[in-house]
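**Student:** please work out how this folds:
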Amino acid sequence: MITATKMHIPYVRHTLVARTDLLRLLDEGMDAKLTLLFAPSGYGKTTALSEWAKQSGKLVAWVSLSKQDDDWSTFWNMVIVSIQNHVEDFGLTILPLLEEGSSASSGSDVS
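**Tutor:** Below is the predicted model:
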């Protein structure tokens, strides 16, 4: 079972330092295939992304991960469920395969 809090964008506090340059770069990243925001713990990545997601006006699928989410089928299941919050029937054909877990992968035990 997926915890609902993992699918919600965190609230943005009103006492934030304005990061207009970072938010502009995130907007520009929408034209790229992948945008990576990387910084050490405590540098405000989640805060910056949640601020951007709320002010961007775009549909955002949010997944918060923890150490317990290191299984590929759990990860993709959470991604699909998060997208389904905006696109109702998204991923319906893949969900049964994810429920099968590692037995659904095409390769046998890979070391």
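
**Student:** what helix or strand does residue 97 sit in?
**Tutor:** helix 95-100 (DSSP states H and E).

**Student:** buried stuff in that helix?
**Tutor:** residue 98 (16 or more other CB atoms under 10 Å). Bear in mind the C-beta positions are built from the backbone N, C-alpha and C, glycine included.

**Student:** I'd like to know which elements that helix is packed against.
**Tutor:** Where contact means 3 or more CB pairs under 8 Å, 6 or more residues apart in numbering; DSSP states H and E, helix 95-100 is packed against helix 72-84.

**Student:** any regions of the protein where pLDDT drops low?
**Tutor:** Residue ranges of the chain with pLDDT under 70: 1-8, 10-16, 102-111.

**Student:** all helices of it, in order?
**Tutor:** Ranges of helices in the chain, per DSSP state H, are 20-28, 45-56, 72-84, 95-100.

**Student:** show me the one of these that comes nearest residue 63.
**Tutor:** Closest to residue 63 of those, according to CB to CB: helix 72-84, at 4.8 Å.

**Student:** counting contacts, what elements does the closest one pack onto?
**Tutor:** Partner elements for helix 72-84 (3+ CB pairs under 8 Å, 6+ apart): helix 95-100.

**Student:** you'd agree residue 52 is up against residue 25?
**Tutor:** No. With contact defined as CB atoms under 8 Å, residue 52 does not count as touching residue 25 (9.5 Å).

**Student:** what about these two, which has more around it?
**Tutor:** Taking other CB atoms under 10 Å, residue 52 and residue 25 do not tie; residue 52 has more neighbours (22 against 14).
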